[in-house]
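Engineer: predicted model, plus sequence, below.
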Amino acid sequence: MNIYDPNTFAHDLPVTHRQWVQSVQEVVNGNVDMGTPKGNAPSSAGVNAGVYTQFDKGNGSGVLIRIAAQGVAGTGASYNWGGIGVGIVINHGLLRQPIGFHVVDQDKPVQVSRTAPPDKNQITLAPTDNTASVTVYVF
């Protein structure tokens, strides 16, 4: 696929069309992000060392949320798992019902499932192994 710079033919386009084409080019060239990391505590030993645990919302339509293993403190994660298969309520802040979620980071094999219908403020998720820490993207 050939990539064209809209500035090379900008003089042939009406201003509003040119602005639209330039904004599409910006997105296609990789300027969409799921979130911006703002913290990676703890910085010491363990499987969570150096892993981002806090995020600012990116320019996508979802949010990144870190969920630490049950009983693990001091990770900087917003949530900790309860029991195996026990859902925790996560306030996603999307102000709309999410389509779903993806696990984008995990420190060990684990499956995460939704245990209740989500709403515009919350989603309820549960792990198959509550000793795992994960980052989920709710979208």
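Structural biologist: Noted; the coordinates are in hand.

Engineer: could you count how many residues lie near D129?
Structural biologist: Neighbour count for D129, taken as other CB atoms under 10 Å: 17. C-beta coordinates here come from the backbone N, C-alpha and C atoms, glycine included.

Engineer: for the one 5 residues further on, same thing?
Structural biologist: Residues within reach of V134, counting by other CB under 10 Å, total 24.

Engineer: OK, contacts around it?
Structural biologist: R66, I67, V103, D105, Q106, D107, V110, V112, P127 (CB atoms under 8 Å, 6 or more residues apart in numbering).

Engineer: can you select the buried ones from those in PyMOL?
Structural biologist: To isolate the buried subset of the contacts of V134 in PyMOL, counting by 16 or more other CB atoms under 10 Å, use the following:
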select buried, resi 66+67+103+106+107+110+112+127
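
Engineer: so N91 bridges to which residues?
Structural biologist: For N91, the beta-bridge partners are Q122 (DSSP bridges).

Engineer: and the pLDDT for it?
Structural biologist: You'll see N91 listed with a pLDDT of 97.

Engineer: quick one: it and T124 touch, right?
Structural biologist: No - if you go by CB atoms under 8 Å, N91 and T124 don't touch, sitting 10.8 Å apart.

Engineer: those two - which one has more neighbours?
Structural biologist: Neighbour count, other CB under 10 Å: between N91 and T124, T124 has more, with 16 against 12.

Engineer: which residue ranges make up the domains of this protein?
Structural biologist: Split into domains by automatic domain parsing, the chain comes to 1-31, 35-138.

Engineer: can you say which of those domains is packed in most?
Structural biologist: domain 35-138 (a mean of 16; mean count of other CB atoms under 10 Å).
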